[in-house]
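Visitor: Give me coordinates for this.
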Amino acid sequence: MDYLKEIISIVDKNKSKQIEIVGQDSIKDRKLHQLYEGILMSEYKSDSQACRKLYGTNDLDKGYRNLKSRLEKRVLNTLFFIDVNLASYSDPRKAYFQCYKNMAAVKFLVVKGGKKSSIKLAEKTLKKALQYEFYDVAIPLLKDLRQYYGTLRGDQKKMRKYNDLLQQIMEASSYEEKARGMYDMLASQFVRSKTIKPFHIRMAREFSEELEPDLDKTNFRNFHFYAHLILVLRYEIENDPPQTIIACDRALSYFNKIGFITQNQTFTFLFKRFTSHIQLKNYETAGKDAQTCLELVEEGTWNWILASQFYMVLLFHSGRIQESFEFYKKVKSVIKKKRIISEEAKQFWNLIEAYIDYFIRVGEIVLPAQKRKPRFDFDTFIKGVPTFKKDKRGMNISVIVLQLLFNLQQKKYDEVIMRTEALESYSSRYLRQNDTFRSNCFIRMLLEIPAANFNRTNLERRAEKLYEKLISKPLEIAEQPQEVEIVPYEVLWEFVLSSMNTSTKKIKS
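Guide: Model (predicted):
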């Protein structure tokens, strides 16, 4: 009872007359609600746009700035009232949120003089933090407990207990910090550019070789997660899918053996194994991993969208074009309902819409009876010119190739010639032989179309050696699906050939 009395006393003296959270808007807060909804629904792309809509002016005056500041305060307040006990949340995730909320409460109680209540809450929270190895929560709590029992209570036994535990945890967490630092350093190399350079391979090898002996020195789960992740990344960087799969299996085996693995950790290694199986054309195994990944995470979340994107890639690569249409409709429905999706994901699904439209046109997808074709802005897509940036090279290639396919299907040869000229310019500017070998081969094959006079026999003859080079190189898989071959180049080449003329008569451009 004393514990609760102390907390209630502190709360009563310091409580706000009104807790401002999102969803409790009065009539006078109509503009605040409009700003909240507009941002949520992506109606406002900038402050100027929001100000113009709400106040009828582009001038970001005091009224708009105050409104934005009030919304920020209210949204931050609302964070602490989010329901963390949803059925979709795993036990570790629920514990994570609760531990951090409790730690904030402990610090507040200490400042306000609630020593006894803060210590009781700290000890309660510490148990859960240790259970789930939330050591960034446990370490500051242990320091508070050591200080309390040592300098305020003079309890030598408890002071030594918490000090010894603190030293053990700090030693264990040093392993995590080492692996985490290596992972951050390695992953940071590919944020702005996906190009793999020789020193990236050397770095990945050195990190993995340095961490390998440490795997037997500690059972700290977070260390093992990052260490095994670096081992996986090494083989991904080396474009060695068989070894990537072995590294993923090793990680999953370790976590299953110790009997504790979070959904996020399971998803991470299963997802990387899944994409590696796509590379090796192990489509049945890849499909099983994909289904598990989709079941592990909540529909509409970032990981669910990512797994869905690569599952579309799998369906295209395995020739399940009709099935891809059904899955596409499901994902679009989820995205529409959830309303939140990244710009990169939007671009990917725009490409998928284009592929779906093309497959319907060439008869690869058969619509059910009395079912209308999905709406697709064909003219805008055809006229659109990709932005030639190196970090979007996969996206650019897909767009230009699709434009070519659409124009070939409609026998618009002038447009095809124009697009091949764009391809030639793009290839010479952004693609290197050792960087995107398959893309280089495929683009050079497409550049032969005008020279072959749009004749299938001529084109097959002119592109024969390039095609042999293409099929000799394994598929490349990137972290983002828009950077891979959404449809294999070998399959797209068959569509190109089927769009060619069999007549030897010269085509007039």
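
Visitor: Tell me how many other residues surround Asn85.
Guide: 8 (other Cβ atoms under 10 Å). Using the backbone N, CA and C atoms, a C-beta is placed for each residue, glycine as well.

Visitor: Wait, it touches Arg93, no?
Guide: No - with contacts counted by Cβ atoms under 8 Å, Asn85 stays clear of Arg93, the gap being 10.3 Å.

Visitor: where does the stretch 1-150 of the chain dip in pLDDT?
Guide: Along the stretch 1-150 of the chain, the model assigns pLDDT under 70 to residues 1-28, 62, 84, 86-88.

Visitor: Please repeat the previous calculation with a cut-off of 50.
Guide: 27 (pLDDT under 50).

Visitor: Reduced to three states, what does Asn77 come out as?
Guide: helix (DSSP: H, G, I helix; E, B strand; the rest coil).

Visitor: can you check Leu126 too?
Guide: Leu126 - assigned by three-state DSSP - is helix.

Visitor: That one: what's it in contact with?
Guide: Ala138, Leu141, Leu142, Leu145 (Cβ atoms under 8 Å, 6 or more residues apart in numbering).

Visitor: Just name the closest of these to Thr502, please.
Guide: Among the contacts of Leu126, Ala138 lies closest to Thr502 (Cβ to Cβ), at 72.8 Å.

Visitor: Pretty sure that closest one sits against Ile169.
Guide: Yes - in this structure, Ala138 is within contact of Ile169 by Cβ under 8 Å, at 5.9 Å.

Visitor: Looking at these two, which one has more neighbours?
Guide: Ala138 (25 against 18).

Visitor: Excluding covalently adjacent residues, which one is nearest to that one?
Guide: Closest residue to Ala138 apart from its sequence neighbours, by Cβ to Cβ, 6 or more residues apart in numbering: Ala129 at 4.2 Å.

Visitor: thought the one you found was touching Tyr135?
Guide: Yes - if you go by Cβ under 8 Å, Ala129 and Tyr135 touch, sitting 7.4 Å apart.

Visitor: So for the two, which sits in the more crowded spot?
Guide: Taking Ala129 and Tyr135 together and counting by other Cβ under 10 Å, Ala129 has the greater number of neighbours (27 against 19).

Visitor: I'd like the distance between that one and Leu165.
Guide: 11 Å (Cβ to Cβ, to the nearest Å).

Visitor: after the helix-or-strand element of the chain with minimal mean pLDDT, next one along is what?
Guide: Scoring the helices and strands of the chain by mean pLDDT, DSSP states H and E places helix 2-14 at the bottom, with a mean of 53. Next in sequence after helix 2-14, counting helices and strands by DSSP states H and E, comes helix 30-40.

Visitor: So which other helices or strands are in contact with that following helix?
Guide: Under the contact criterion of 3 or more Cβ pairs under 8 Å, 6 or more residues apart in numbering; DSSP states H and E, helix 30-40 touches helix 47-55, helix 62-79.

Visitor: what's the first one in contact with?
Guide: So the one you mean is helix 47-55. Under Cβ under 8 Å, 6+ apart, the answer for helix 47-55 is 31, 34-35, 38-39, 43-44, 57-61, 63-64, 67-68.

Visitor: Can you tell me which of these has the most neighbours?
Guide: Busiest of those [other Cβ under 10 Å] is Leu35, holding 22 neighbours.

Visitor: For it, list the residues it contacts.
Guide: Tyr44, Ala50, Leu54, Leu67, Lys68, Leu71.

Visitor: Tell me where this protein has strands.
Guide: Assigned strands in the chain: none (criterion: DSSP state E).

Visitor: okay, now the domains of it?
Guide: 2-170, 175-187+197-260, 383-509 (automatic domain parsing).

Visitor: still on that earlier bit, if you rank the contacts of Leu126 by neighbours, which is first?
Guide: Going by other Cβ under 10 Å, Leu141 tops the contacts of Leu126 with 27 neighbours.

Visitor: I'd guessed that one sits against Lys127; true?
Guide: No - counting by Cβ under 8 Å, Leu141 stays clear of Lys127, with 10.1 Å between them.

Visitor: if we can go back for a sec, for the domains of the chain, which one sits closest to Tyr355?
Guide: domain 383-509 (6.5 Å).

Visitor: where does the protein have low pLDDT?
Guide: Along the chain, the model assigns pLDDT under 50 to residues 27, 385, 387-392, 434, 481-482.

Visitor: longest helix anywhere in it?
Guide: helix 156-188 (DSSP state H).
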